[in-house]
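Asks: Any chance you can model this:
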Amino acid sequence: MKKFAALLLPLVLVSAPALAVEHLAVYGGSFDVLDSKSYAQIGAEYRFNEVFKGLRPTVGLNSTDEGDVYGYGGVNWDIPLGGSGFYLTPNFMVGAYHQGDGKDLGGALEFRSGIEGSYEFGNGSRLGATFNHISNAGIYDHNPGAEALLVVYQHPLTW
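Replies: Coordinates of the predicted model:
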């Protein structure tokens, strides 16, 4: 993860700033997608205005069809790709996981890192896909981790 962040930092520092507007993102897809038994997942995020070069504080909540719930906060980095309307958005979150009837992730404190690709339309909304990994980073004895593959829609908010 450190190498990944080190590779992305120069892109963030030289990229043009993303459109400074807050977004409500909703998503759905498959949780634990790399395991033999995956679950449906839905969720929502509030992505605040950027604070520095596309870096956006973010809070969110998601749930699986097995009753697992994850509430989190962290950051998204919006990196515009050459003014084409496409964005690459690495993200890192930390939060609390409540296991329902789904996967035992080992404990309540869980970390999520991922990458999102999206396209921004003329009205500021975005549509994309994200892949992320959630785990407890080995702070508990049991640390199976899980990956999610999701479709994301972001709606710009103006107040």
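
Asks: How about the contacts made by the residue of the chain positioned farthest from its centre?
Replies: Within the chain, Asp141 marks the point farthest from the mean C-alpha position, 25.3 Å out by Cα atoms, centre = their mean. Neighbouring residues of Asp141 by Cβ atoms under 8 Å, 6 or more residues apart in numbering: Gly106. Placement of C-beta: from N, CA and C, glycine included.

Asks: Equivalent analysis for Ala146, please.
Replies: Phe31, Asp32, Leu34, Asp35, Lys103, Leu105, His133, Ile134, Ser135.

Asks: Which pLDDT value belongs to it?
Replies: pLDDT for Ala146: 97.

Asks: go on, the one 5 residues further on?
Replies: Note for Val151: predicted pLDDT of 98.

Asks: bridging residues for the residue nearest to Gly145 when sequence neighbours are not counted?
Replies: Take Gly145 and drop its neighbours on the chain: the residue closest to it by Cβ to Cβ, 6 or more residues apart in numbering is Ser135, 3.6 Å away. In this entry, Ser135 is beta-bridged to Phe111, by DSSP bridges.

Asks: Compute the distance between Ile139 and His23, please.
Replies: 31 Å (Cβ to Cβ, to the nearest Å).

Asks: Looking at those two, which is more packed in?
Replies: Using other Cβ atoms under 10 Å as the criterion, Ile139 and His23 rank with His23 on top: 23 against 12.

Asks: check which helix or strand covers that one.
Replies: Assigned by DSSP states H and E, His23 belongs to strand 22-31.

Asks: partners of that strand in the sheet?
Replies: Strand 22-31 sits in its sheet next to strand 39-47 (antiparallel), strand 146-157 (antiparallel), going by DSSP bridges.

Asks: Next, the buried residues of the longest one.
Replies: Within strand 146-157, the residues scored as buried using 16 or more other Cβ atoms under 10 Å are Ala146, Glu147, Ala148, Leu149, Leu150, Val152, Gln154, Pro156.

Asks: Same list, these, but as CSV with distance to Leu109 please.
Replies: Shown next, in CSV, are these (distance: Cβ to Cβ, whole Å):
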residue, distance to Leu109
Ala146, 15
Glu147, 18
Ala148, 18
Leu149, 24
Leu150, 22
Val152, 25
Gln154, 27
Pro156, 32
